[in-house]
Every structure is written in C-alpha cells, then in structure tokens.
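Participant: everything below, folded, please.
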Amino acid sequence: MMEFANLLFFLFTLIASIDAFYFHFFRFGLHKRPDCRREHLLHTWNACLLPFGAAPLLLGDSGGAVLWLAMLANLVTFGVESLDVLGEKKSREPLGGLPSAEYWMHFTMSGLRWAWVSLAAAAVPVSRWSDPWFWHPPSAWSPLSILNACILIGSVPVAFLHLYFAAFWSAKTKKS
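Facilitator: From the prediction side, this is the model:
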C-alpha cells in the first residue's frame, strides 16, 4: 500500500511541477500579476506545507504528534486548495480563463493528493498514531521512496522560490 502511495505522490509532484513551472511561472507569470496575487500567495502556502504533510507519511516510521501534524498540514492544504479553486475564476479572467490542460492538471492533482494521503495514512499501523512524538528512518528504502525523498528535498527550494516571488511582488507593487 505504501509503495502505491509513493507512486501516486510521484505522479502528483510530476504534474504539480509542470503546472507550477510552465503555467504559473513561465506562461502566465502569476507572481507578477496584481490580479493573481492572492492565487500566488495560496500556491506559496501549498508549496510550504507540502514537505510537512508528505515527509512524515511517506518517509520513515513516524508516530504520534508527527503523524497528527502531517495530517493537519494536509487538512490545511485542503483549505488552501479550496480557497484557490474558489478564487481562480476571478484571478484568471484577465488571462482568458483557465486553460483546459491546466484545469485537468488541477483536477488530477487533487485526486492524486487525496489518494496518496489516504493510502499512506491507512498504511500506518494504528498503534503508531498514539505513540510519542518520533520519526525514525525506514528500515528499507525502495527506489521510489528514495526518489520521493529527493523530490521532498527539492520541494524546499521551490517553497523558497514561491516566497521570494511573493516578497518580490509585494516590494515591487509598493513602489508603484
């Protein structure tokens, strides 16, 4: 079950990377558009929450508070994604709306996210949910879990890139 959760996480991050780098940064430059500021800030929250929601569930043998904090990070992510979806129509109106391919990506990423979170949470033995706060490296690493560990390490600079763009945008618009 955990290997399938890792596979779904990999697919999720693959699509999310294309969405973020191609559509958000390159094609539309959402971080530069005043009408998309809220959307970019929500994406920034998601980028910052990802390692906290994914690493404890996918990498190692977490327990207790670490698992519960990971689930909280995933629930907050659901709230952030909900706000993003609810505001995207207005944010993207000046750009002619959301392209079908990007809409498909958002739909697919949402399904993949909740599939990997559900499978990973279900794979955790019940006894570990009430254990004390801890994290131990896994006893064995599969190639997929190693790949996802690299992805999660790489997600930290991506979160900082989002933060940088959010701060840069704020500084630029305050000067105007």
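Participant: tell me, how many residues neighbour residue 60?
Facilitator: Neighbours of residue 60 under the rule other CB atoms under 10 Å: 18. To be clear about C-beta, it is placed using only N, CA and C from the backbone, and glycine gets the same treatment.
Participant: brain fart, residue 90
Facilitator: By other CB under 10 Å, the residues close to residue 90 number 12.
Participant: surely it is within a helix?
Facilitator: Yes - judged by DSSP: H, G, I helix; E, B strand; the rest coil, residue 90 forms part of a helix.
Participant: next, count neighbours for the closest residue to it other than its chain neighbours.
Facilitator: With CB to CB, 6 or more residues apart in numbering as the criterion, residue 90 has its nearest non-adjacent residue at 7.9 Å, and that residue is residue 35. For residue 35, the count of nearby residues is 13 (other CB under 10 Å).
Participant: in the chain, where's the longest helix?
Facilitator: helix 143-175 (DSSP state H).
Participant: check contacts around residue 102.
Facilitator: 19, 23 (CB atoms under 8 Å, 6 or more residues apart in numbering).
Participant: just give me how far the longest helix of the chain sits from the chain centre.
Facilitator: 10 Å (CA atoms, centre = their mean, to the nearest Å).
Participant: for stretch 140-159, same thing?
Facilitator: 13 Å.
Participant: ok, and the closest non-adjacent residue to the residue most central in space within the chain?
Facilitator: By CA atoms, centre = their mean, the mean C-alpha position of the chain lies nearest to residue 50, the distance being 4.1 Å. Take residue 50 and drop its neighbours on the chain: the residue closest to it by CB to CB, 6+ apart is residue 155, 5.1 Å away.
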